[in-house]
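> Here is my input; please provide its structure:
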Amino acid sequence: MRVGILSESTPGERRVAATPQTAATFIDWGWQVDLEAGAGTRAGFPDDQYTEAGANVVDGHTARSASVVLCVNPPEQIDDLTAGAALVGFLDPFVDIELVTRLQNNRITALAVEAIPRTTLAQSMDALSSQANIGGYAAALLAAMNSPKLLPMMVTAAGTIPPSRALILGVGVAGLQAIATARRLGAVVHAYDIRPETKEQVESLGAKFVAAPTEEMDEGGYAKEVGRDTQAAQHAALAPHVTEADIVITTAQIPGRPAPLLITDEMVAGMKPGSVIVDMAAGSGGNVAASKPDEVVEFSGVHIYGPTNLPAQIPHDASRMYARNLVALLERTRDDDSFRIDLDDEIIGGTTITHQGEVIHPRTRQVLGLAEHQTDRAEEPEGDTE
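Have a look, this model is predicted:
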């Protein structure tokens with residue numbers, strides 16, 4: 001049983017799918033670990049730490065030819081993967097249909113961490129949540145570093161400086177961490193989420209919940225898409241809070257659908273010059289009308305950031321958390337010292353997108369326009385909203 005750890009080729013990606021510690025865990029299982037040379041260097045894990053743990057440092061082709069291949073993002077060289085092998089990572093299976101088709105045609109078993117079910121049993125495997133946690137922290141730091149104002153109140157001989165006001169829109173994992181980080185930095189924080197259940201969480205962190213329209217969550221625990229009337233009411237309620245904010249961080253996303261529009265151009269135009277917005281949903285359509293993925297847009301004197309991969313900015317700890325998620329997931333595939341896909345397992349079955357030349361995940365089949373598969377589950381697993 002051989003597991004390959006890939007060096008990431010996506011521009012700006014600095015994370016790695018296994019650390020020396022998790023490599024040692026695989027070796028304890030009786031698995032051989034082949035690390036692509038330099039895979040962990042950008043995350044602060046040099047090759048010699050892996051070799052000390054018992055791993056082999058190999059070239060990329062050898063790593064990609066393993067029985068189980070671990071990645072953060074899918075490799076460009078899909079054709080290097082061995083038929084029947086497993087690929088585990090962030091595969092974007094509900095959007096990147098071309099990749100799903102290639103995996104199917106190459107008979108690769110694809111386990112997408114975005115599809116891990118949202119259950120208590122799967123919490124230790126929830127890579128979306130672990131990375132969203134880091135993303136929310138990084139978003140607050142990005143906003144603070146680019147704001148022309150101090151976040152905490154300061155009483156000095158030169159006078160008193162009032163605290164900055166931060167507004168967090170979307171109170172999932174990323175939003176909660178953004179609230180906590182902005183509060184630790186000394187800002188006065190307000191927050192909003194359309195789900196009324198989040199009010200208690202916001203207030204438990206010392207922030208104030210914004211009074212705006214709310215709706216109950218759907219069966220998967222996610223916010224629902226809202227109609228035009230509700231959206232208009234949202235904008236009217238949020239506008240004065242956006243105007244008063246020095247920093248705005250938006251995190252609201254709906255899996256498999258465009259992000260909801262929370263901040264219009266008119267709302268941005270009403271903000272103070274020099275204010276900063278960080279739109280964490282820029283990659284899925286954006287919560288801010290003017291945001292662009294991985295760009296900084298200046299609009300009416302306001303700087304709008306659209307980062308799409310904030311966890312990669314803190315790669316050491318992001319990799320540690322992600323690697324532990326993968327160990328917990330792969331623990332359920334162990335069969336003595338080998339690897340086995342049990343589609344009847346509620347987590348493995350719900351996470352597997354393609355297997356033995358077929359697309360088996362219900363939601364991905366719907367996106368592809370395929371008929372219902374005989375092994376489709378009654379309940380569809382979802383990822384985190386961040």
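
> now Val113, nearest residue through space, not along the chain?
Nearest residue to Val113, sequence neighbours excluded (C-beta to C-beta, 6 or more residues apart in numbering): Ala127, at 4.0 Å. The C-beta positions use only the backbone N, C-alpha and C, and glycine is treated the same way.

> Revised request: answer the last question for Gly270.
Here the residue nearest Gly270, using C-beta to C-beta, 6+ apart, is Thr243, at 4.4 Å.

> what does the helix or strand hosting the one you found rub up against?
In the assignment (DSSP states H and E), Thr243 maps to helix 228-244. Contacting residues not belonging to helix 228-244 are listed as 165, 167, 169, 190, 192, 194, 210-213, 215, 226, 248, 260-264, 266-268, 270-272 [C-beta atoms under 8 Å, 6 or more residues apart in numbering].

> Toward the C-terminus, what is the element adjacent to that helix?
strand 247-250.

> For stretch 153-162, give the mean pLDDT please.
Mean per-residue pLDDT for stretch 153-162: 95.

> distance between the ends of it?
5 Å (C-alpha to C-alpha, to the nearest Å).

> May I have the lengthiest helix in the chain as CSV, with CA atoms only?
Secondary structure of the chain per DSSP state H: the longest helix is helix 127-146. Output of helix 127-146 as CSV, limited to C-alpha atoms (Å, rounded to 0.1, in the frame of the first residue of the first chain):
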residue,chain,number,x,y,z
ALA,A,127,-11.5,20.1,6.0
LEU,A,128,-13.9,22.8,4.8
SER,A,129,-14.4,23.9,8.4
SER,A,130,-10.7,23.7,9.4
GLN,A,131,-9.6,25.8,6.4
ALA,A,132,-12.5,28.2,6.8
ASN,A,133,-11.4,28.8,10.4
ILE,A,134,-8.0,29.8,9.2
GLY,A,135,-9.5,31.9,6.4
GLY,A,136,-11.6,33.9,8.8
TYR,A,137,-8.6,34.7,10.9
ALA,A,138,-6.5,35.7,7.8
ALA,A,139,-9.4,37.9,6.5
ALA,A,140,-9.5,39.9,9.8
LEU,A,141,-5.7,40.3,9.6
LEU,A,142,-5.8,41.4,6.0
ALA,A,143,-8.5,44.0,6.7
ALA,A,144,-6.6,45.3,9.8
MET,A,145,-3.3,45.5,7.9
ASN,A,146,-4.8,47.5,5.1
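
> quick one, strands of the stretch 201-350 of the chain?
208-209, 247-250, 276-279, 296-299, 302-305, 334-335, 338-339 (DSSP state E, counting those that start in this stretch).

> cool, the stretch 51-200 of the chain as well?
56-58, 68-70, 86-89, 109-112, 154-156, 159-161, 165-169, 188-192.

> Go through those strands and pick out the most buried.
strand 165-169 (a mean of 29; mean count of other C-beta atoms under 10 Å).

> Between helix 127-146 and it, find me the angle.
With axes from the mean of the first three to the mean of the last three C-alpha atoms, to 10 degrees applied, the angle from strand 165-169 to helix 127-146 works out at 150 degrees.

> Tell me which other helices or strands strand 165-169 touches.
Counting contacts by 3 or more C-beta pairs under 8 Å, 6 or more residues apart in numbering; DSSP states H and E, strand 165-169 is packed against helix 173-184, strand 188-192, helix 228-244, strand 247-250.

> now the strands of the stretch 51-200 of the chain as a markdown table including distance to Glu331?
A markdown table is the format used below for these (distance: least, C-beta to C-beta, whole Å):
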| stretch | distance to Glu331 |
| --- | --- |
| strand 56-58 | 22 |
| strand 68-70 | 13 |
| strand 86-89 | 12 |
| strand 109-112 | 13 |
| strand 154-156 | 49 |
| strand 159-161 | 51 |
| strand 165-169 | 34 |
| strand 188-192 | 36 |
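
> between those strands, which one is nearest to Asp336?
Taking C-beta to C-beta, strand 68-70 is the member of the strands of the stretch 51-200 of the chain nearest to Asp336, at 14.8 Å.

> Strand partners (parallel or antiparallel) of that closest one?
strand 2-5 (parallel), strand 86-89 (parallel) (DSSP bridges).

> what's the last one in contact with?
It refers to strand 86-89. 17, 67-74, 81, 103, 108-113, 326, 329-330, 333, 339, 341.

> Repeat that for the first one.
Residues outside strand 2-5 that contact it (C-beta under 8 Å, 6+ apart): 16-18, 23, 26, 31-36, 39-40, 50, 55, 58, 62-70.

> Only the buried residues of the helix or strand following that strand, if you could.
Sequence-wise, the next helix or strand downstream of strand 2-5 (DSSP H and E) is helix 20-28. Across helix 20-28, burial judged by 16 or more other C-beta atoms under 10 Å covers 20, 22-26.
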